[in-house]
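**Student:** need the 3D shape of this:
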Amino acid sequence: MRFVMMAALASAALISTSATVSAAPASSATALLLVQVNVPGGWLTSVNLTCGPAGGAHPKPASACALLTDVDGDLARYPGEEGVCTKEYLPHEVSLTGRWAGRPVRFEKTFANQCELFLATGAVFDV
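**Tutor:** Below you'll find the model as predicted:
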């Protein structure tokens, strides 16, 4: 009987520990975002991005999170980079939606081509 009670207590402790461990990453993230790039008539890419710590399926989460941290999650505040792009027209429709530091964020814009997109948004849409 004593063995059965000890086994039950050990199982309960293990279950509560594993529940705590699996719940921790979601609550510790400062941002949970969906990044989408759509090239009409071409392709659509969607990836998730988490910041605090940087992660998700985004190929450059650290760079994207650093940029978003600089603008406090408001990508419209990013001044962009200087550079020269060709005049090719291949529109890229992008959106960034989700939560940043507990508040909802949304950014949507269409750029004339990929070069203009990257200059204006850094690594955020480099998916």
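**Student:** rest of the way, CA atoms for contacts and neighbours
**Tutor:** Noted.
**Student:** tally of neighbours for G41?
**Tutor:** 8 (other CA atoms under 10 Å).
**Student:** quick check: it is in a helix.
**Tutor:** No: the assignment for G41 (DSSP: H, G, I helix; E, B strand; the rest coil) gives coil, which keeps it out of a helix.
**Student:** show me where this protein has strands.
**Tutor:** Applying DSSP state E to the chain gives strands spanning 31-38, 44-51, 55-56, 92-100, 103-111.
**Student:** nearest to V71, out of those strands?
**Tutor:** Closest to V71 of the strands of the chain is strand 92-100 (CA to CA; 10.9 Å).
**Student:** follow-up on the earlier one: so which of the strands of the chain is nearest A76?
**Tutor:** Nearest of these to A76, taken as CA to CA: strand 103-111 at 7.1 Å.
**Student:** what comes up buried for that closest one?
**Tutor:** Of the residues in strand 103-111, 105-106, 111 count as buried by neighbour count, 16 or more other CA atoms under 10 Å.
**Student:** quick one: which of the residues you listed is nearest P40?
**Tutor:** F111 (11.7 Å).
**Student:** quick one: contacts for the closest one?
**Tutor:** F111 makes contacts with 91-93, 117, as judged by CA atoms under 8 Å, 6 or more residues apart in numbering.
**Student:** would you turn those residues into TSV with distance to S63 and pLDDT?
**Tutor:** Listed next are those as TSV, based on distance: CA to CA, whole Å; pLDDT from 0 to 100:
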residue	distance to S63	pLDDT
P91	24	96
H92	20	97
E93	21	97
L117	15	97
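**Student:** by neighbours, which of these wins?
**Tutor:** When the contacts of F111 are compared by neighbour count (other CA under 10 Å), L117 ends up highest, at 24 neighbours.
**Student:** if you drop the residues flanking it in sequence, what lies closest to that residue?
**Tutor:** F111 (5.6 Å; CA to CA, 6 or more residues apart in numbering).
**Student:** what's the pLDDT at the residue nearest the centre of the chain?
**Tutor:** Centroid check for the chain by CA atoms, centre = their mean gives L49 as the closest residue, at 1.7 Å. You'll see L49 listed with a pLDDT of 97.
**Student:** please name the residues that touch it.
**Tutor:** 31-35, 55-58, 61.
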